[in-house]
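**Q** Sequence and predicted structure are below.
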Amino acid sequence: MGGRKDKIMTTRDKLNKWVEKEYRWIDREIRKNIAKDRMSDYADDLIQEIILSLYNMPEERIEGMLENGKLKWYVLSSAGLSLRSKTSPFYNKIRKHKMYSRENGLAGSDSNIFERIDDTGETLIECYYSCMLREIENLHWYNKTLLKEYWIDGETLDTLHAKYKISKLHLTKDLNKGIKTIREKCEECDNPKL
């Protein structure tokens with residue numbers, strides 16, 4: 001019978017072992033020292049992006065960093081650079097997308113179409129609300145669905161993104177387009193005396 005062969009570890013096996021061993025450290029260091037305070041929303045995405053970048057590196061480079069113990073340094077420095085540099089793939093893929101699709105960044109979410117004031121200082125809520133309900137029904141079914149779920153049912157961009165698998169950037173654009181259409185149609189509420 002043949003003897004048992006010793007398994008030779010490939011570079012990928014070594015990297016798998018290193019990531020498994022150091023994952024908690026990577027997670028803690030990125031959350032505590034890099035993606036913290038205002039940047040904490042990016043921690044989960046940044047951790048995943050950095051680990052993926054390790055697996056996309058040339059094997060010789062991984063071997064070299066594993067041998068000289070520089071892999072931890074690489075993880076931290078590339079995480080910091082990825083998060084803050086506007087030319088990094090992470091910025092273009094994740095951070096830029098999140099900046100444009102934040103809930104507070106949606107035009108109309110800070111001051112919605114009901115919050116206009118007439119000459120007497122009274123809010124014209126009733127007019128805008130009834131106009132909005134009427135005009136939503138006249139929209140394309142897609143815009144109608146989004147506006148109803150966002151403005152009337154109180155869904156968030158995150159929920160709509162999860163439900164329809166549409167990027168938050170596109171959801172924001174589509175919601176803004178619907179809001180603009182409704183505002184144009186509801187100009188009658190700006191001049192109730194005419």
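**A** Thanks, I have the structure now. Numbering: from 1, shown residues only.

**Q** Domain-wise, how is the chain divided?
**A** 11-100, 105-189 (automatic domain parsing).

**Q** looking at those, which has the lowest confidence?
**A** Mean pLDDT is lowest for domain 105-189 among those, at a mean of 73.

**Q** could you dump the domains of the chain to CSV with mean neighbour count?
**A** Any C-beta I mention is one placed from the backbone N, CA and C, and that applies to glycine too. Formatted as CSV, the domains of the chain follow (neighbours: other CB atoms under 10 Å):
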stretch, mean neighbour count
domain 11-100, 15
domain 105-189, 15
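
**Q** ok, and the closest non-adjacent residue to residue 42?
**A** residue 35 (5.0 Å; CB to CB, 6 or more residues apart in numbering).

**Q** Now do the SS call for residue 133.
**A** helix (DSSP: H, G, I helix; E, B strand; the rest coil).

**Q** can you pull the contacts of it?
**A** Listed by CB atoms under 8 Å, 6 or more residues apart in numbering, the contact set of residue 133 is empty.

**Q** Please repeat the previous calculation with a cut-off of 10 Å.
**A** Residues in contact with residue 133 (CB atoms under 10 Å, 6 or more residues apart in numbering) are 148, 151, 152, 182.

**Q** Mind checking which of the residues you listed land in helices?
**A** residue 182 (DSSP state H).

**Q** can you redo the contacts of residue 133 as a markdown table with distance to residue 164?
**A** Below are the contacts of residue 133 laid out as a markdown table (distance: CB to CB, whole Å):
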| residue | distance to residue 164 |
| --- | --- |
| 148 | 13 |
| 151 | 16 |
| 152 | 17 |
| 182 | 20 |
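
**Q** what comes into contact with the host helix or strand of residue 50?
**A** Assessed by DSSP states H and E, residue 50 sits inside helix 43-55. Residues from elsewhere that reach helix 43-55 (CB under 10 Å, 6+ apart): 12, 15-16, 18-19, 23, 26-27, 29-32, 34-36, 39, 42, 61-62, 65, 71, 74-76, 78-80, 82-83, 88-90, 93-95, 97-98.

**Q** Just those: which are in strands?
**A** Nothing among the contacts of helix 43-55 maps onto strands, per DSSP state E.
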